[in-house]
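*Asks:* Sequence first, then the predicted structure, then my questions.
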Amino acid sequence: MLVVFSFLERLKKRFLHMRLSAKVFLFISAFLSAILTIGLLTGEIVFR
């Protein structure tokens, strides 16, 4: 648990110094990849 907390603190420090456009791009790409992953795992998205 302590390892996860320290990892998240390092990520937070790194994100504080990023530009807003980079943060928006990372958020959109993470959101789309989460939708794609959940869709593939639940079977809602099927590639034929």
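*Replies:* Received the coordinates, thanks. Residues are numbered from 1 along each chain as shown.
*Asks:* Might you report the residue contacts of residue 20?
*Replies:* The contact partners of residue 20, by CB atoms under 8 Å, 6 or more residues apart in numbering, come to none. In this view, the C-beta of every residue, glycine as well, is placed from N, C-alpha and C.
*Asks:* Please tell me how far it sits from residue 27.
*Replies:* According to CB to CB, to the nearest Å, residue 20 and residue 27 sit 10 Å apart.
*Asks:* Ok, residue 10 next?
*Replies:* 19 Å.
*Asks:* Residue 45 sits in which helix or strand?
*Replies:* Take DSSP states H and E as the rule and residue 45 turns out to sit in neither a helix nor a strand.
*Asks:* try residue 15
*Replies:* Using DSSP H and E, residue 15 falls within helix 2-16.
*Asks:* how far off helix 2-16 does the helix or strand that that helix is followed by point, in degrees?
*Replies:* Once helix 2-16 ends, the next helix or strand along the chain (criterion: DSSP H and E) is helix 20-42. Counting by axes from the mean of the first three to the mean of the last three CA atoms, to 10 degrees, helix 20-42 lies at 140 degrees to helix 2-16.
*Asks:* how far out from the middle of the chain is helix 20-42?
*Replies:* Helix 20-42 sits 6 Å away from the centroid of its parent chain (CA atoms, centre = their mean, to the nearest Å).
*Asks:* Check stretch 35-45 too.
*Replies:* 16 Å.
*Asks:* Stretch 12-24 now?
*Replies:* 13 Å.
*Asks:* And stretch 4-18, by the same measure?
*Replies:* 13 Å.
*Asks:* which residues sit against it?
*Replies:* residue 23.
*Asks:* Let's check: the centremost residue of this protein is which one?
*Replies:* residue 30 (3.7 Å; CA atoms, centre = their mean).
*Asks:* how close does it get to residue 6?
*Replies:* 21 Å.
*Asks:* Repeat that for residue 43.
*Replies:* 37 Å.
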